[in-house]
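Asks: Starting from these lines, generate the structure:
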Amino acid sequence: MTVKDYMELPYHIVIQHLNDESGSYYFATVKELDGCMSHGDTYAEACENIQEAMEGWIESKLENGFPVPQPIGESRYSGKFVLRLPRTLHARLAAEAEREGISLNQYALYRLSI
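Replies: Next comes the predicted model:
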């Protein structure tokens, strides 16, 4: 695959607005490309800069014979995970779900999504 081929894949770009000792700016990273990051004074600038950073990151990996990770696909996630929690919290959540008239699963999903 070429750099262009990789750039057409649906990588997960995360852009955060930050205010710190450096000032106010937008910081961009690519979840799958460890160390690939950039920034900009505006959201649009950060978007443009992370695209350039991705191209350079991928090109460097390919030139040096290193693998380039594929985007994380939605099929990787089943929608199910096991969570262990203290009995007291389990009891409290179950009681709250019962008061709402919904299952514990539905209640937990609701609470996690807010």
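Asks: What are the structural domain limits within this protein?
Replies: Domain ranges of the chain: 3-63, 80-113, per automatic domain parsing.
Asks: for the longest one, how far is the first residue from the last?
Replies: Using CA to CA, to the nearest Å, the end-to-end distance of domain 3-63 comes to 10 Å.
Asks: so which of the domains of the chain is the most packed in?
Replies: Of all the domains of the chain, domain 3-63 carries the top mean neighbour count, a mean of 15, counting by mean count of other CB atoms under 10 Å. Using the backbone N, CA and C atoms, a C-beta is placed for each residue, glycine as well.
Asks: just how off-centre is stretch 1-19 within its chain?
Replies: Relative to its parent chain, stretch 1-19 has a centroid offset of 11 Å by CA atoms, centre = their mean, to the nearest Å.
Asks: In contact with Asn64, which residues?
Replies: Neighbour list for Asn64: empty [criterion: CB atoms under 8 Å, 6 or more residues apart in numbering].
Asks: quick one: low-confidence parts of this structure?
Replies: 74-77 (pLDDT under 70).
Asks: which residue is nearest the middle of it?
Replies: Lys31 (5.7 Å; CA atoms, centre = their mean).
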